[in-house]
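curious how this folds, go ahead:
(4 chains, ligands or ions: 4)
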2 protein chains.
Amino acid sequence: MSDAADVLISHCRQAGQRITAPRRIIADVVARADDHPDVPEIYRRVAEIDPGISLSTVYRTVKIFASTGLVERHSFAGGRARIEPASEIHHDHLIDIESGAVIEFRSDEIERLQALVARELGFELTAHRLVLYGRPLARKARRTRKP
Amino acid sequence: MSDAADVLISHCRQAGQRITAPRRIIADVVARADDHPDVPEIYRRVAEIDPGISLSTVYRTVKIFASTGLVERHSFAGGRARIEPASEIHHDHLIDIESGAVIEFRSDEIERLQALVARELGFELTAHRLVLYGRPLARKARRTRKP
DNA sequence: CTCATTAATGAGAATGGTTCGCAAATGCAT
DNA sequence: ATGCATTTGCGAACCATTCTCATTAATGAG
Ligand SMILES: [Mn+2]
Ligand SMILES: [Mn+2]
Ligand SMILES: [Zn+2]
Ligand SMILES: [Zn+2]
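Residues are numbered from 1 along each chain as shown, chains lettered A, B, ... in the order given. Ligands and ions are numbered 1, 2, ... in the order given. Prediction:
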């Protein structure tokens, strides 16, 4: 019962929706996820707490949370959507193409330029999607080597 | 039989693949597309030329062209992939959220910053995906109004 | 040009992620 | 506690894309 999960739950109530056991558990699992899990993975974590909750319910609930803006869905690869609890501060992602790891970053410069580019094209920027793909640089001075 | 289609076809031959009627037609349709059509749309255009060509073949052929780097597949919305012939100069896209129109743009500044950000995170940038979503600005001085 | 080889095609089935439909279960205002 | 509307679990349906496989057709040798 993390605080972030409470936010999800209170938004549920405010939207006239019922607070159910599945929703509490899913909210909790999503709120404490820091690794951009996909829905089946959330389902696995939820099942550890209550094996009776169905995959359908996880999909439905994540969708509801996403529609209230409390959860974000990213489509990094072509496959399944990756989920993360919405954070105060916006960020974009870099994918390590070797490990698949998701690294978060934030570039005010890029954000500013995006808005600028859109304006020059005659548009008001309403959203954007930026994903970088990269290969880890070989560091010259590794300090994990053995002496 | 556009010149761009010829490039696609010659690459086919070079890769030891056969030049077939379907491939010629699909290459031609893709090469002259300037609107980022999805595969079913390409299929429709192909069918106008030869109604016997199957959707499977269009999917297969587009995939082959994409693997040789001559065609690019974008996933703008969550739905189906949008196709475009690869161009010499890289560009990114802005989606008009009102009309769905795809506008191309290029920002050397953003490109540069992306590589910089990746490097700072310890990665060599190998690819990226940038899509802007915007609403058309209301122009103060419309010259399309009636006098 | 003809033939044999082998890749490509068309039709439809299969796939994988996600959503739907519905009967049964449950939350919540009274 | 009671009744009713919302949710749930289950399986079927969906949609874009890929796969299977028997048939067709491109290619290169002769
Ligand atoms: Mn993130
Ligand atoms: Mn384009
Ligand atoms: Zn951003
Ligand atoms: Zn770019």
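
mind giving me the packing neighbours of the helix or strand of chain A with the lowest mean pLDDT?
Within chain A, no helix or strand scores below helix A:3-14, which has a mean of 75 by mean pLDDT, DSSP states H and E. In terms of contacts (3 or more Cβ pairs under 8 Å, 6 or more residues apart in numbering or on different chains; DSSP states H and E), helix A:3-14 is packed against helix A:21-31. All C-beta atoms are positioned from the backbone trio N, CA, C, and that covers glycine.

so is the helix it packs on next to DNA strand C?
Yes: residues of helix A:21-31 contacting DNA strand C under Cβ under 7 Å from any atom of the strand: A:Ala21.

contact partners of that helix?
Contact with helix A:21-31 is made by A:1-2, A:4-5, A:7-9, A:12, A:42, A:45-46, A:49-50, A:53, A:57-58, A:61-62, A:65, A:71, A:83, A:85, as judged by Cβ atoms under 8 Å, 6 or more residues apart in numbering or on different chains.

measure A:Ser107 to B:Val117 for me?
To B:Val117, A:Ser107 is 5 Å away according to Cβ to Cβ, to the nearest Å.

of those two, which one has the most company?
Each of A:Ser107 and B:Val117 has its neighbours counted (other Cβ atoms under 10 Å in any protein chain shown); B:Val117 has more, 22 against 19.

spell out the secondary structure type for A:Glu84.
Secondary structure state of A:Glu84, per DSSP: H, G, I helix; E, B strand; the rest coil, is strand.

pull the contacting residues for it.
A:Ala33, A:His36, A:Val71, A:Glu72, A:His74.

what's the closest non-adjacent residue to the third one?
With sequence-adjacent residues excluded and distances taken as Cβ to Cβ, 6 or more residues apart in numbering or on different chains, A:Val71 is closest to A:Phe65, at 3.9 Å.

list the contacts of that neighbour.
A:Leu8, A:Ile26, A:Ala27, A:Val30, A:Val71.

and the last one, what are its bridge partners?
What it means is A:Val71. Taking DSSP bridges as the rule, A:Val71 bridges to A:Pro85.

my guess is it contacts A:Arg82. True?
No: using Cβ atoms under 8 Å, A:Val71 is not in contact with A:Arg82; the gap is 10.9 Å.

so which of the contacts of A:Glu84 wins on neighbours?
Within the contacts of A:Glu84, most neighbours by other Cβ under 10 Å means A:Val71, with 22 neighbours.

measure how buried the closest residue to A:Gly78 other than its chain neighbours is and give me the count.
Closest residue to A:Gly78 apart from its sequence neighbours, by Cβ to Cβ, 6+ apart: B:Ser75 at 6.6 Å. Residues near B:Ser75, counting by other Cβ under 10 Å, number 15.

swap in the one 10 residues further on?
Neighbourhood size, B:Pro85 [other Cβ under 10 Å]: 20.

the strands in chain A, which residues?
Assigned by DSSP state E, the strands in chain A fall at A:71-74, A:82-85, A:92-96, A:102-105, A:123-136.

switch those over to JSON lines; also include mean pLDDT.
Converted to JSON lines, the strands of chain A look like this (pLDDT from 0 to 100):
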{"stretch": "strand A:71-74", "mean pLDDT": "95"}
{"stretch": "strand A:82-85", "mean pLDDT": "96"}
{"stretch": "strand A:92-96", "mean pLDDT": "96"}
{"stretch": "strand A:102-105", "mean pLDDT": "96"}
{"stretch": "strand A:123-136", "mean pLDDT": "96"}
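
could you pull out the buried residues of stretch A:25-32?
Neighbour-count burial for stretch A:25-32, counted by 16 or more other Cβ atoms under 10 Å in any protein chain shown, picks out A:Ile25, A:Ile26, A:Ala27, A:Asp28, A:Val29, A:Val30, A:Ala31.

before I go, just wanted to say thanks for your time.
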